[in-house]
Each structure stands twice: as C-alpha cells, then as structure tokens.
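Trainee: Fold the following.
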Amino acid sequence: MLVPFASAKPESVDKLIKQLKDKNAYVRSSAAEMLGKSNDPSAVEPLIAALQDPAASVRVHVAHALGGINDPRSLEALCATLKDTDAKVRISAADALQSIKDPHSIAPLIAALRDTDSEARDHVGQALAAIGTPAVEPLIVAQSDPDANVRAYAVWVLGLIKDPRAGEPIVGALKDPDANVRINAADALGVFKQPSAVGPLIGALKDKNLDVVRHAARALVSIGTPAVEPLLVALSDPDANVRVYAADTVSVIKDDRSVEPLIALLNDPDANVRAHAAFALGIIDDSRTVEPLKSALKDANVSVRLTAASALGKKGILAESARDGRFVAYNNGTVLDTKTNLMWASKDNGEEIGWDQAGPYCDRYRAGGYTDWRLPYQDELAGLYDASKASKAPGPSGSGQMDIHIATELIELTGTSILASVRPRPGLIGVVGIPVFLFQTGEATSVMMCGTSCGRVLPVRSADPGLKKDAQPN
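Mentor: Reported below is the predicted structural model:
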C-alpha cells in the first residue's frame, strides 16, 4: 500500500530527484511519490534508476510514480521489475504497465502469469486486459502453455477483453486437464454469450469437478433463451447428473417451454432427479406445476416428497410434508400435534435469549402466516417430552453434548432449555424466577439471574383465546 505523506510540501523537481538517494527510506519514498504527481519528464530516468533501490517499500512507490508519469522510456525497466523479489513491487509494476498500456509489455506480462503470488497474477491479468485487442492472439497462444496458471489467467483475461476471436479457443479450454482453466473458460463463455457455446457447456455438466459444473450452469443461465432447447434435450441424457443440472439450470432461465418437460421428469427413475425436478417446478410461476407437485407428495422417496412440499409452499399452497406418529409437519414451517391440537414452530429460535425477549419474539413470529404465536406453557412443553427418544444438542461432539428428549424429529431443538410461560390461575399474581422446561431431564423449573441467556424459544399457537394472558415472573 502507498504511504500518504500529508506533511509533504511542494518541492522543486531537482530537489526531489536528489532525495531519491537520501539515507532515509521514508524520504526516498516520499520523493518518488511527489515526483509521480509532478508528471515531469525529467524525473523518469532518475526514477528508473531508483527501481534498484535496496528498500522494497521505495521500489513500490517508484514503480507507482512511473505509472503516473506514463512515459514509454520506463517500459523496459517496469517489465524487468515484474521479476522483482518482492511481490508488492511486482504488483506495483503491473499496475504501472496497466496505466501505460503498451503492446510491447504483452510478452513480459504473459510470462509474469507464472508468478507464485496469486495477487500479483491478478494485477498482471488486469494489465493485459487493459491493453486489450493487441493481447488477444498472444493470450490464445498462451492457452497452450505448460503452466496451468498461465492457461487459467489467459482464459480469464480473454473473457475480460471479449474479442470474438477468442470464442473457439475458450470452448477448447473446457477440456483442459486443469479444473481452474475449465472454470475460467466456463465463466468467459458466460460473458461472451455465444449460442455456439451452449453444446460444449452442456457437455461440461458431466465434468467430474463440481465447481466446473456450477460455473458451466451459470454460463448457460447467462446465455439464456438460446440454451433452453439444448437443455430440454439434456433432460433426457443417460447421465442422471446431467439431468439434474439441466433441470436446475433451465428452471433459473424460466422459459415456458421447460414446464412440461420438467413435469415429466417427476417420473424419472432416479430419485435425485425427481427431487431436483420438484425444486425446479417450485421456482417456476406456472399453474401447470401445482397438480404434478401435489402428486409428488406421494412419491416413494422422502426427499422428493419434502422437496415437492417445499415447492408448493413457495407457491402459497399448504401441503403436508412429513408425518411422525401423532405429529404432522407442513411446508409452511409448522408442526401439528394431533393429540393436543397445538401447532408448533418447526424449530426454535436457534440461540439463548433473555425472558423479556421471548414474548416479543413470539409476537413477531409469522410462520404459516399466523399472527397469534405465543410462548408455550410448561405443561405444553412437557407434552413434547419423551424420555425414550434422544438426540444430541448441536455443537462440537464430545462429553459436553447433552441429550435432547423430544417426542418427534419434526421439531428441531438446538438446546435443552426452552423458555415458557406459567399458566394463569385464580390468585396467581406472579412467579419467582424465569420458567423453563428442560428437555434433558423433563423437568419444569425456574432459573434465577440468567440475564440475557435464559433459554431458547419454541413458539406455539392455540385457538383458545383464554390462554393468551400469562403470569409474569418477578
């Protein structure tokens, strides 16, 4: 980073040039900084000499100053500085060459793509992109370089330049042995948006590297409409993974032509494909998707059923997503206890809070679109306790983990202590302590002096308006 020199005063160029040889490195850096701002041609040769300064911090400022003056005389020296022993100096030299934009720096810059420092390679790439069209042919040649870094950055820069000549070579890079090259090629093709790249990108959906697949899918989405028909064909590919990624991709493009083929995919022999088809149909706003998704709620695979229920939930359609004994989960984040007719949130708030925050949390809770959520009573929480069932509280495994004994897996608890209210009764003015129910022991108790970490909140709702007024703890 460049050091600001707030106290520097205007100086003559001759004096600043002399200060480039001062014993104090800070003075030499300050002089270089101000010479760069002077834009005086007479400073170029002294600054070029100062690129050999023993202090890297000075060389950084010198290279920056030469970039500011933008004189072709500094080109050769700055290209040589791309091999400096200090990465920050090399970065400053690349930035200076980016300012100068001279085609003669292309070959040294491409060679500098071998730099061991990733930030330096980034700056070198930006310098090549700034040079633009003259760099295209050399960069295409660099795609055959034995160094994977050179190939990857060459493809990346070609994507930044956006020259049509690079389209076909970049398509070829989708088959490069290095995954980073293939990723950059997919990204570049997404920038070019050439329909001719659709086929190769769909082929890249078979790549063994998941990141390559994701970037290829993103590129297809960027290309948009021209990719739809080939993607619909890919929905019938023998490779189940290709069918999955094709379904995901075409759903994001949101073309009406994809609705019926995606509906047909709900009958795919592969459960993962069916689940992704259900997810894709949930994204698409089309009335034709509703009944097929309802039918998918009866799929033999639980993942497909859950995904279909979630998809219907996105469309505002209530659907049962799972059952666990007397408990029924719905796709709106609620779980019904058919024994007590209480509706529970499907998970607690995820962190311990103070009791004074618990009530407002329930008041603001809106799962299922309901506005009458409240704190549960201790005896209602006790109805969820089942000593015969146990799961570990989330967190690092080990002896510190506590068992949570809850009657259903459909309600997720992230801690053992759940805040409660005390059921009102005649003569009850208040209660002592903070009422909680402990799902580790099944004990309804109260805690004192817990501050802002009393327990977690699991909202509940009931149709009985008489259960709304609770006794307050003292």
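
Trainee: Straight-line length of stretch 423-440, end to end?
Mentor: End-to-end span of stretch 423-440 (Cα to Cα, to the nearest Å): 22 Å.

Trainee: quick one: pLDDT of Phe5?
Mentor: We have a pLDDT of 44 for Phe5.

Trainee: likewise Lys162?
Mentor: For Lys162, the pLDDT comes out at 91.

Trainee: so it touches Phe192, yeah?
Mentor: Yes - distance between Lys162 and Phe192: 6.6 Å, which falls inside the contact criterion (Cβ atoms under 8 Å). Quick note: C-beta positions are derived from backbone N, CA and C, even for glycine.

Trainee: Mind checking which of those two has more residues around it?
Mentor: The residue with more neighbours, out of Lys162 and Phe192, is Phe192; 21 against 15, by other Cβ atoms under 10 Å.

Trainee: Just say helix, strand or coil for the closest residue to the more buried one other than its chain neighbours.
Mentor: Closest residue in space to Phe192, ignoring its immediate chain neighbours: Gly167 at 5.6 Å, by Cβ to Cβ, 6 or more residues apart in numbering. Classification of Gly167 by DSSP: H, G, I helix; E, B strand; the rest coil places it in helix.

Trainee: unless I'm mixing things up, Gly167 is touching Lys193, no?
Mentor: No - taking contacts as Cβ under 8 Å, Gly167 lies outside contact range of Lys193: 10.1 Å.

Trainee: Next, count neighbours for Lys392.
Mentor: With other Cβ under 10 Å as criterion, Lys392 counts 11.

Trainee: partners of it in the sheet?
Mentor: For Lys392, the beta-bridge partners are Asp403 (DSSP bridges).

Trainee: My guess is Lys389 contacts Leu410. True?
Mentor: No - with contact defined as Cβ under 8 Å, Lys389 does not count as touching Leu410 (12.0 Å).

Trainee: Settle it for me: which of those two has more neighbours?
Mentor: Neighbours per residue (other Cβ under 10 Å) separate Lys389 from Leu410, with Leu410 holding more: 22 against 13.

Trainee: so what's the more buried one up against?
Mentor: 322, 324, 327-329, 335, 346 (Cβ atoms under 8 Å, 6 or more residues apart in numbering).

Trainee: Can you tell me which of the residues you listed end up in strands?
Mentor: Secondary structure assignment (DSSP state E) places 322, 324, 327-329, 335 from these within strands.

Trainee: Mean confidence (pLDDT) on stretch 286-299, please.
Mentor: With pLDDT averaged residue by residue, stretch 286-299 scores 94.

Trainee: and that stretch, how far apart are its ends?
Mentor: 21 Å.

Trainee: And that stretch, what's buried?
Mentor: For stretch 286-299, a neighbour-count test (16 or more other Cβ atoms under 10 Å) marks 289, 292-293, 296-297, 299 as buried.

Trainee: which residues of the stretch 301-450 of the chain score low on pLDDT?
Mentor: For the stretch 301-450 of the chain, residues meeting the criterion pLDDT under 70 lie at 395-401, 424-432.

Trainee: Mind doing that once more with 90?
Mentor: Residues of the stretch 301-450 of the chain meeting the criterion pLDDT under 90: 302, 306, 310, 313-323, 330-332, 354-356, 368-369, 389-403, 421-434, 445-450.

Trainee: still on that earlier bit, can you tell me which of the buried residues of stretch 286-299 are in helices?
Mentor: Residues of the buried residues of stretch 286-299 located in helices (DSSP state H): 292-293, 296.

Trainee: Kindly reformat the residues you listed as a markdown table containing distance to Ala77.
Mentor: Formatted as a markdown table, those follow (distance: Cβ to Cβ, whole Å):
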| residue | distance to Ala77 |
| --- | --- |
| Pro292 | 68 |
| Leu293 | 67 |
| Ala296 | 68 |
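
Trainee: closest to Gly442 among those residues?
Mentor: Closest to Gly442 out of those is Ala296 (38.5 Å), distances taken as Cβ to Cβ.

Trainee: Was I right to think the closest one contacts Arg305?
Mentor: Yes - between Ala296 and Arg305 there is a contact under Cβ under 8 Å: 6.9 Å.

Trainee: what's the spacing between the residue lying closest to Lys339 once chain neighbours are set aside and Leu342?
Mentor: Nearest non-adjacent residue to Lys339, counting by Cβ to Cβ, 6+ apart: Arg326, 4.7 Å away. Look at Arg326 and Leu342: by Cβ to Cβ, to the nearest Å, they are 11 Å apart.

Trainee: Mind checking which of those two has more residues around it?
Mentor: Leu342 (17 against 12).

Trainee: so what's that one bridging to?
Mentor: Beta bridges link Leu342 to Asp337 when assigned by DSSP bridges.

Trainee: How about the contacts made by it?
Mentor: Leu342 is in contact with 336, 376, 380, 383, 460-462, counting by Cβ under 8 Å, 6+ apart.

Trainee: try Asn267
Mentor: By Cβ under 8 Å, 6+ apart, Asn267 lies in contact with Arg274.

Trainee: so it, which of the three states?
Mentor: What three-state DSSP gives for Asn267 is coil.

Trainee: any idea how far it is from Leu312?
Mentor: Look at Asn267 and Leu312: by Cβ to Cβ, they are 18 Å apart.

Trainee: quick one, phi psi at the closest residue to Lys347 other than its chain neighbours?
Mentor: Nearest non-adjacent residue to Lys347, counting by Cβ to Cβ, 6+ apart: Glu412, 3.8 Å away. Backbone geometry at Glu412, expressed as degrees, to the nearest 10, gives phi -100, psi 120.

Trainee: And Leu438, by the same measure?
Mentor: Here is the backbone geometry of Leu438 (degrees, to the nearest 10): phi -100, psi 110.

Trainee: Which residue ranges make up each domain of the chain?
Mentor: Domain segmentation of the chain under automatic domain parsing yields 224-317, 347-473.

Trainee: if we compare the ones you listed, which one ends up closest to Val27?
Mentor: Here domain 347-473 is closest among the domains of the chain (Cβ to Cβ), at 53.8 Å.
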